[in-house]
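Chemist: Could you work out the structure for the sequence below:
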Amino acid sequence: MVLVVDDDPDVLDVAADVLELRGFAALRASSGHEAIEVLRRHPEIDLLFTDVLMPGITGIELARQATALRPGLPVVLTSGYVRDENIRGYPLVRKPFTLHDLLHTVEAYVGGATPRA
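Modeler: Now for the predicted structure:
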């Protein structure tokens, strides 16, 4: 199961919908605060895919809090502004990302499609 976090509803829906079409179960959160609550309620989440630049809790801060809450949780960041391939140890998928880039990266960390809940 993948938790997708983005404050842009269009990006959020496209990313989650593509993952679901590929066979992944996907949960959505539109903010870092919401994402933390989702992580607390869903221990079955296998990966956090989050935007870097969001109001309130940034994606980097969310990644830090999420891995403190769930040690070993893979985190993949996405951004249209940050250019480093790795941000503080987290891999980056650049926006606008292709569907191939999204799926390839998620599958590399989750190990292929997981059954839907």
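
Chemist: Who does the closest residue to residue 91 other than its chain neighbours form a beta bridge with?
Modeler: Once flanking residues are discounted, residue 91 sits nearest to residue 76: 5.3 Å by Cβ to Cβ, 6 or more residues apart in numbering. Heads up, the C-betas are built off the backbone N, CA and C, glycines and all. On the basis of DSSP bridges, residue 76 is bridged to residue 49.

Chemist: Which residues are in contact with residue 76?
Modeler: Residues near residue 76 by Cβ atoms under 8 Å, 6 or more residues apart in numbering: 47-50, 90-93, 105-106, 109.

Chemist: Run through this protein and note the low-pLDDT ranges.
Modeler: The chain contains residues with pLDDT under 70 at 82-87, 111-117.

Chemist: for it, what spans make up the strands?
Modeler: 2-5, 26-29, 47-51, 75-79, 86-87, 90-94 (DSSP state E).

Chemist: what sits against the residue most central in space within the chain?
Modeler: Closest to where the C-alpha atoms of the chain average out (Cα atoms, centre = their mean) is residue 49, at 0.8 Å. Applying Cβ under 8 Å, 6+ apart to residue 49 gives the contacts 2-5, 15, 75-76, 78, 93, 102, 106.
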